[in-house]
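Colleague: A structural model of the following input is requested.
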Amino acid sequence: MSMASELSGSKAPKKDENFFVRVLKYFIPWKGDRAGEIIRKFVFAASVVCFCISVQGVLGYYKVDTKEVERQEQIADLAPVFPDDDVVYVPPEKDEQTGEIITGDDGENGTSVGEQWDQLLAENSDVIGWIKIPTFLDEDGNMIINYPVMQTEKQYELSNGETEDWYLHHNFDGNWNESGTIYADWRIKIQSATEHADNIVLYGHHMRRLGNMFTRLAEYKSGVEFLKQNPIISFDTLYTRNQKFIIIGCYVASIEEDQDNGNLFDYWRYRNFDDEHSFETFISEIEKRSWYSSDIECNEDDDYITLSTCTNEAGSGRLRWVITARRVKPSDDIDKLVESYKEKADEDIYFPRVWINAEGNKKKYDGWWY
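Modeller: Prediction:
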């Protein structure tokens with residue numbers, strides 16, 4: 001029976017009982033109520049209390065993360081800016097790749113840290129670099145991916161005794177935060193312009209509608225035109241400037257063997273190419289999984305970065321959305337390479353089994369917040 005029906009029931013209300021009193025009697029236990037009515041009213045009251053607590057929690061969550069976003073904007077103002085007159089050095093063995101290596105007054109090439117990093121390092125000595133996608137802008141013209149990159153061996157302990165990387169759930173200031181910070185795999189330290197992993201893996205959370213960290217990398221699922229508009233990632237370490245990387249693959253990957261019938265492309269372990277994690281396997285796995293194809297040539301001597309974040313199609317956080325890019329070379333015709341990007345047919349893409357079970361053997365994009 002609806003509230004309106006009950007309020008207009010056959011039993012006439014007392015003359016001094018106005019509409020407000022009748023509404024109160026409908027929702028609040030009242031003298032003379034039957035047992036069923038009392039139970040209904042208590043259940044309703046409990047539901048209202050739970051709803052209010054939930055709303056308070058959500059509002060508190062967004063309030064905290066609003067402050068975090070404001071702090072991130074302050075940090076973004078500290079991004080290194082390199083003047084054109086910087087003294088730089090490109091070593092002969094790297095002359096086929098773009099970007100420059102900072103040289104210090106001591107004559108050391110590739111081991112000096114540019115003064116542009118001083119403010120960031122003064123606030124947190126774990127800073128190892130900066131990542132941005134210059135063409136990927138919000139409605140106000142601000143870069144959406146524009147963050148310092150951290151690297152540390154420090155871990156924190158979970159309640160079950162396991163450990164996690166520190167910046168998975170700590171912000172730039174070292175405080176606990178659900179969004180965490182963009183960080184580089186610590187297992188091979190970035191020690192100079194040339195001493196680093198062949199493939200540097202960078203991690204960042206997918207924060208749904210908050211949209212920060214690596215959340216909006218999901219927009220590379222939207223189609224090849226988005227990739228063509230945003231093909232270049234800028235990533236500098238403390239020892240370099242103007243390093244550009246062109247995207248060679250955008251793909252979904254499982255993180256456990258049982259998610260894909262025992263098959264696993266553990267891209268995060270392809271740090272330095274060797275017999276166990278060969279370059280040939282690295283490239284072939286990316287090519288068969290990528291949602292897009294291109295004419296970009298890659299070889300073992302090139303430098304690579306891989307951006308890793310969660311994707312939620314097969315269940316929250318069960319799979320990863322991964323973007324791999326190769327350092328740009330002077331010989332690259334960027335316009336021609338970008339034009340070569342093509343959308344692959346669904347049947348030509350390798351999807352993990354849990355993805356197929358949930359979505360079928362096809363690409364899917366439900367918005368970057370999904």
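Colleague: Mind checking the pLDDT average for stretch 233-244?
Modeller: Averaged over stretch 233-244, pLDDT sits at 94.
Colleague: List the buried residues of that stretch.
Modeller: Across stretch 233-244, burial judged by 16 or more other Cβ atoms under 10 Å covers Ile233, Ser234, Phe235, Asp236, Thr237, Leu238, Tyr239, Thr240, Arg241, Gln243, Lys244. (Glycine included, C-beta is placed from N, CA and C.)
Colleague: In three-state terms, label the fourth one for me.
Modeller: So that's Asp236. strand (DSSP: H, G, I helix; E, B strand; the rest coil).
Colleague: So this structure: which segments form each domain?
Modeller: Using automatic domain parsing, the domain parsing of the chain gives 1-77, 126-359.
Colleague: Buried deepest among the ones you listed, which one?
Modeller: domain 126-359 (a mean of 18; mean count of other Cβ atoms under 10 Å).
Colleague: and it, how far out from the chain's middle?
Modeller: From the chain centre to the centre of domain 126-359 is a distance of 9 Å (Cα atoms, centre = their mean, to the nearest Å).
Colleague: any weak-confidence spans in the protein?
Modeller: The chain contains residues with pLDDT under 70 at 1-28, 30-31, 33, 38, 41-46, 48-65, 83-97, 103-109.
Colleague: so which of the domains of the chain gets nearest Ile101?
Modeller: Ile101 lies closest, by Cβ to Cβ, to one member of the domains of the chain: domain 126-359, at 4.1 Å.
Colleague: Cys310 versus Gly317, what's the distance?
Modeller: Gly317 sits 4 Å away from Cys310, taking Cβ to Cβ, to the nearest Å as the criterion.
Colleague: ah, wrong one, I meant Ala35
Modeller: 49 Å.
Colleague: got it, and Leu137?
Modeller: In this structure, Leu137 lies at 23 Å from Cys310, with Cβ to Cβ as the measure.
Colleague: Could I get the phi/psi values of Glu68?
Modeller: Taking degrees, to the nearest 10, you get phi -70, psi -40 for the backbone angles of Glu68.
Colleague: surely it meets Trp176?
Modeller: No - using Cβ atoms under 8 Å, Glu68 is not in contact with Trp176; the gap is 11.0 Å.
Colleague: ranges for the strands of the stretch 201-350 of the chain?
Modeller: Taking DSSP state E, counting those that start in this stretch as the criterion, the stretch 201-350 of the chain contains strands spanning 232-237, 240-241, 244-254, 292-293, 304-311, 319-327, 342-343.
Colleague: Checking Asp140 next. Helix, strand or coil?
Modeller: Quick answer, by three-state DSSP: Asp140 is coil.
Colleague: Ok, Ser125 next?
Modeller: What three-state DSSP gives for Ser125 is coil.
Colleague: Output the buried residues of stretch 233-244 as a markdown table; include the columns distance to Thr194.
Modeller: Formatted as a markdown table, the buried residues of stretch 233-244 follow (distance: Cβ to Cβ, whole Å):
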| residue | distance to Thr194 |
| --- | --- |
| Ile233 | 20 |
| Ser234 | 19 |
| Phe235 | 15 |
| Asp236 | 14 |
| Thr237 | 10 |
| Leu238 | 13 |
| Tyr239 | 8 |
| Thr240 | 10 |
| Arg241 | 15 |
| Gln243 | 12 |
| Lys244 | 17 |
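Colleague: Tell me the one among those residues nearest to Lys154.
Modeller: Minimum distance to Lys154 across those is 18.2 Å, recorded for Leu238 (Cβ to Cβ).
Colleague: which SS class is the closest residue to Phe351 other than its chain neighbours?
Modeller: Residue nearest to Phe351 in three dimensions, not counting chain neighbours: Asn361, with 5.8 Å by Cβ to Cβ, 6 or more residues apart in numbering. Classification of Asn361 using three-state DSSP returns coil.
Colleague: residue contacts, Asn361?
Modeller: By Cβ atoms under 8 Å, 6 or more residues apart in numbering, Asn361 lies in contact with Asp346, Glu347, Ile349, Phe351.
Colleague: Surely the third one and Trp291 touch.
Modeller: Translated: Ile349. Yes - counting by Cβ under 8 Å, Ile349 touches Trp291, with 6.1 Å between them.
Colleague: Overlap of the contact sets of the two?
Modeller: Tyr251, Lys363.
Colleague: Common neighbours of Gly317 and Cys310, please.
Modeller: Taking Cβ under 8 Å, 6+ apart as the contact rule, Gly317 and Cys310 both touch His206.
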